[in-house]
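Undergrad: kindly return the folded structure for what I paste below:
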Amino acid sequence: MLLYHGSNTVVERPEIRENLRALDFGAGFYLTSSREQAAKWAKTVTKRRRKGAPVLNAYELDQELMKELNILQFQSADASWLDFVVANRKERPVNNIYDLVIGPVANDSTLPVIDDYMDGKYTREQAVERLLPQNLTDQYAFLTRKALSYLRFKGEKTL
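TA: Residues are numbered from 1 along each chain as shown. All right, here's what the predicted structure looks like:
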């Protein structure tokens, strides 16, 4: 399985860095199976950091090896996904027992719903009702060194 990471630099050796901001699935190294999503992210990151060039990094993940990981997978932006994302965004992680978390990525159209839910403007049910119709790209959050060890850098492309 090929996964992609958009950045403003080549990332041959992924690392888990404690972030300065709260992310959907907590501190980790994030990838997607969507080349388009990673390319978009590379351009966004480069613009935000004001250095480097947009780079699409590609990795191979052996799905057989994934069986050795403790994985949490969300099939859609449902109530359990929402609770998990909100807990991480509030920097109160649900738990830290997972090596890899897979699920929809909160994007520009879902972030206002999540923010409004966190601010109490929507009930949980109302937020989920607004999230479920979204056609969201996936994200793979590698949360442990063990999980990262199953990735193989395949190359990069400057965009």
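Undergrad: quick one: the residue of the chain positioned farthest from its centre from Asp115, how far?
TA: Distance from the centre of the chain peaks at Lys121, with 25.1 Å (Cα atoms, centre = their mean). Computed with Cβ to Cβ, to the nearest Å, the distance linking Lys121 and Asp115 is 9 Å. Every residue, glycine included, has its C-beta placed from N, CA and C.
Undergrad: likewise Gln126?
TA: Note on Gln126: its distance to Asp115, by Cβ to Cβ, is 13 Å.
Undergrad: how much space separates the residue minimising distance to the centre of the chain from Gln126?
TA: Nearest residue to the geometric centre of the chain (Cα atoms, centre = their mean): Gln139, 4.0 Å. Look at Gln139 and Gln126: by Cβ to Cβ, they are 24 Å apart.
Undergrad: just to revisit the earlier point, give the residues shared as contacts by Gln126 and Asp115.
TA: Counting by Cβ atoms under 8 Å, 6 or more residues apart in numbering, no residue touches both Gln126 and Asp115.
Undergrad: residues contacting Gly28?
TA: Each residue near Gly28 by Cβ under 8 Å, 6+ apart is listed here: 16, 101, 141-143.
Undergrad: hmm, try it at 10 Å
TA: Gly28 makes contact with 14-19, 88, 98-101, 139-144, 147-148, according to Cβ atoms under 10 Å, 6 or more residues apart in numbering.
Undergrad: whichever of these end up buried, select them in ChimeraX.
TA: Applying 16 or more other Cβ atoms under 10 Å to the contacts of Gly28 leaves a buried subset, and the ChimeraX line that selects it is:
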select :14,16,88,98,99,100,101,139,140,141,142,143,144,147,148
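Undergrad: flag the shaky bits of the chain, pLDDT-wise.
TA: Filtered on pLDDT under 70, the chain yields the residue ranges 19-21, 93-95.
Undergrad: Trp41: neighbour count?
TA: 22 (other Cβ atoms under 10 Å).
Undergrad: please apply the same query to Asn135.
TA: Using other Cβ under 10 Å, Asn135 has 7 other residues around it.
Undergrad: now it: which helix or strand?
TA: For Asn135, there is no helix or strand it lies in under DSSP states H and E.
Undergrad: check contacts around it.
TA: With contact taken as Cβ under 10 Å, 6+ apart, Asn135 is in contact with 104, 107, 109.
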